[in-house]
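Engineer: I need the structure of the sequence given here:
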Amino acid sequence: MFEIEKVVLEKNLYYRGELILKYTISYPRIISNLYIYSTRKFNSFNRMIALSLKMYAEKDLFNESKEIYEYNHSNGYPIMVYELNYDFEITYNDNFILSLFSNEYIFTGGAHGSTVRKSQNWDMKLGEQFKLDSVFKDDPNYLLFILRDIIRQIELQIEQDSQQYFDNYCCLVLDTFNPNQFYLYDKNTIVIFFGQYDIAPYSSGIPTFKIPI
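Structural biologist: Residues are numbered from 1 along each chain as shown. All right, here's what the predicted structure looks like:
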């Protein structure tokens, strides 16, 4: 198991004395002397993601928020504050396997912001990220198994009235399924996730499905 610390980059940006944008970017950094090459690769990968988001916030988002400020100010509308939040959750950290997901939330006006989830699955002995097919390497029909289980879980949730989905969820699951959108929950389970609006309304959040390995 690797010791992991959270590194935080945060800043409030002002224009003409008014706060118009704020961001908080949290990313993982491994503290370990084991597998130094893999550790450096993991840390560098996540640091670059964070620095890219920081640059995006301070340049593109800030310029856009200044334009909105000028428009709102000249028309007597309330000043709106843009937001960017990036955080992560380690879902598995054992036997030299690291799995995590990150959520990138951006608010640029409207009723609510949007969240994009991405995942990372690392074999730290190799210093490489592994794909879904390597988890089910003994089952050539693993995709069919996963899709059937997702549909089964959706049908059960609809029956129990515990979650909302679009009426054509079957087609949408097939159309929007992304084999890169998974993370390990434990040594016997993975989680498949879909994006906002892929198969369900915004109020349903990010749909997730536990799949046995």
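
Engineer: now stretch 1-14: mean pLDDT?
Structural biologist: Average pLDDT, stretch 1-14: 96.

Engineer: Show residues contacting the lengthiest helix in the chain.
Structural biologist: If you go by DSSP state H, the chain has its longest helix at helix 36-56. Outside helix 36-56, the residues within contact range by CB atoms under 8 Å, 6 or more residues apart in numbering are 2, 7, 9, 23, 25, 27-30, 32, 84, 86, 98, 102, 104, 120, 122, 124-127. Every C-beta, even on glycine, is put in place using the N, C-alpha and C of the backbone.

Engineer: With only the CA atoms kept, save that helix in CSV.
Structural biologist: Provided in CSV are the C-alpha atoms of helix 36-56 (Å, rounded to 0.1, in the frame of the first residue of the first chain):
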residue,chain,number,x,y,z
ILE,A,36,10.9,5.0,-7.7
TYR,A,37,10.4,5.0,-11.5
SER,A,38,6.7,4.2,-11.2
THR,A,39,6.2,6.6,-8.4
ARG,A,40,7.8,9.5,-10.3
LYS,A,41,5.7,8.6,-13.4
PHE,A,42,2.5,8.6,-11.4
ASN,A,43,3.3,11.8,-9.6
SER,A,44,4.4,13.6,-12.9
PHE,A,45,1.2,12.4,-14.7
ASN,A,46,-1.1,13.9,-12.0
ARG,A,47,1.0,17.0,-11.5
MET,A,48,0.7,17.8,-15.3
ILE,A,49,-3.1,17.4,-15.1
ALA,A,50,-3.2,19.8,-12.2
LEU,A,51,-0.9,22.4,-13.9
SER,A,52,-2.9,22.2,-17.1
LEU,A,53,-6.1,22.9,-15.3
LYS,A,54,-4.4,25.8,-13.4
MET,A,55,-3.3,27.3,-16.7
TYR,A,56,-6.8,26.8,-18.2
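
Engineer: Return the set of buried residues in that helix.
Structural biologist: For helix 36-56, a neighbour-count test (16 or more other CB atoms under 10 Å) marks 38-39, 41-43, 46, 49-50, 53-54 as buried.

Engineer: filter the contacts of helix 36-56 to the buried ones?
Structural biologist: Using 16+ other CB under 10 Å, the buried ones in the contacts of helix 36-56 are 2, 9, 23, 25, 27-30, 32, 84, 86, 98, 102, 104, 120, 122, 124.

Engineer: for stretch 175-193, which positions count as buried?
Structural biologist: Residues of stretch 175-193 classed as buried by neighbour count (16+ other CB under 10 Å): 177, 181-185, 190-193.
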